[in-house]
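K.L.:
Next input, structure requested:
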Amino acid sequence: MRPPSIALSVTLIGGLAANLLTGPAHANPTEARHTIPNTTSLAATAQQQSRAPLKWTALGDSYSANALVPRWDPTDGCARSNHNWESQLAQRLNDETSSSVRLTDVTCGAAEIDKGVLSPQTCDLLLGPPFNHGTCAWPARPAQIDALNGDEDIVTVGIGGNTLGFAAILAKCVEMGVKLGDPPTLGPGCSGYYENGEGRQWLADKFATLTREYTLAMRQIRERAPHAKVFLLGYPTVLSKPFNHTTCYWGNFKRLGTIRLGVDGDFLIGVEQRLNDVIRQQAADNSQWATYVDTYESSQGKGVCAAGTSQWMYGLFDDLVIPQGETKPADPAEYQCALRDELPSGVLKGEACTLIHPNVRGAANQAAQVHAAFQDAGLTSGSR
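P.N.:
Numbers count the residues shown, from 1 in each chain. Predicted coordinates:
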């Protein structure tokens, strides 16, 4: 059953632009690094036990912190999950293979290439969860690149979506979907706005900034970690065709809210593919030491509109997927937010402000794809 007619305020739509894809907040600089100590496989030989662990530093935004995958670290505001893909892979490498790693994870939600990786992330960009700590609840985070000290064997980088403004694009599509209504009125959706309207130059400028800043980041990563193999993660599938209108119908805020797939779905797919193409090209331009990790193809059909356990990507206000062995945070205020609460009564919504992020199943796929890339580079052994 479809929800009643929805009239969303400009404040609500603006809030979506500030929160989509941004996830966490940031911590005391002295506590910013999330380090997983090396453990050695019980099956390792004495020779393997004496081998120094590979030193791995992870940089990235909320898609690498895997914000909204319980439980997130509440101490630094980054919502860095203890089940994020990096943690899953590090545990697997340490427990199941002869290749041990020591992971330093400085990923943080809302991080951009400039404000986050190359320079500090100010407190106003630290958004949680926890969502109930207020504005500027944590001090500014140091630049993620400062975590590199020159002795890294591996650097993983999952960044770019916030620099592009993918959140603002999605929010615009929600806003224009409200105006189209259900059934939709005649006229272009957000695709028309960005392809032929006022947003065309804005989007072109954003892609130019993304390319320029990513190029600068690659140069600085190479300078800071000259001996490391660098792995650049693309973004997993948000939408794929054929569109599932049974789940992603207009007004269902557990999925895509008022985004009109028939009007704007192809455009959104194209923007994400173009974002991944920029990242892929950065790896190609530095192919002697950098590798692109494709998480998009392996997650086709597993995006926001997938059903059941095939859904690897949360919708806007979805129900949390709890990892095995974990429990839901006791205080719902940690994962709920004003945006969700301001939705009119009768609108279908889930329990949490998930804001289109990978759930734990999506994080597991990210880990699997990076594991394969590590093996292909000869860095680790073991089964995929």
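
K.L.:
contacts, neighbours, all on C-alpha from now
P.N.:
Will do.

K.L.:
for the stretch 201-350 of the chain, what are the low-confidence residue spans?
P.N.:
Counting by pLDDT under 70, not a single residue of the stretch 201-350 of the chain qualifies.

K.L.:
any chance you could map the helices in it?
P.N.:
Secondary structure of the stretch 201-350 of the chain (DSSP state H, counting those that start in this stretch): helices at 266-285, 338-341.

K.L.:
distance of the most centrally placed residue in the chain from residue 200?
P.N.:
Using C-alpha atoms, centre = their mean, the residue of the chain that lies closest to the mean C-alpha position is residue 63, 1.6 Å off. Distance, residue 63 to residue 200, using C-alpha to C-alpha, to the nearest Å: 26 Å.

K.L.:
List the residues that contact residue 80.
P.N.:
24, 62, 65-67, 72-73, 107-109 (C-alpha atoms under 8 Å, 6 or more residues apart in numbering).

K.L.:
how about a markdown table for these, with distance to residue 264 added?
P.N.:
A markdown table is the format used below for those (distance: C-alpha to C-alpha, whole Å):
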| residue | distance to residue 264 |
| --- | --- |
| 24 | 28 |
| 62 | 24 |
| 65 | 28 |
| 66 | 26 |
| 67 | 26 |
| 72 | 33 |
| 73 | 35 |
| 107 | 31 |
| 108 | 29 |
| 109 | 26 |
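
K.L.:
Could you dump the residues you listed into TSV and include distance to residue 123 and neighbour count?
P.N.:
Conversion of the contacts of residue 80 to TSV gives the following (distance: C-alpha to C-alpha, whole Å; neighbours: other C-alpha atoms under 10 Å):
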residue	distance to residue 123	neighbour count
24	11	34
62	16	29
65	17	33
66	20	31
67	17	37
72	18	25
73	17	19
107	15	36
108	12	37
109	12	32
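
K.L.:
In CSV, list the residues you listed along with pLDDT and secondary structure.
P.N.:
Converted to CSV, these look like this (pLDDT from 0 to 100; DSSP: H, G, I helix; E, B strand; the rest coil):
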residue, pLDDT, secondary structure
24, 36, coil
62, 98, helix
65, 98, helix
66, 99, coil
67, 96, coil
72, 94, strand
73, 91, coil
107, 98, coil
108, 97, coil
109, 95, coil
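
K.L.:
Mind checking the helices of the stretch 201-350 of the chain for the one nearest to residue 313?
P.N.:
Closest to residue 313 of the helices of the stretch 201-350 of the chain, according to C-alpha to C-alpha: helix 266-285, at 14.1 Å.

K.L.:
for the closest one, packing partners?
P.N.:
helix 199-224, strand 229-233, strand 290-293 (3 or more C-alpha pairs under 8 Å, 6 or more residues apart in numbering; DSSP states H and E).
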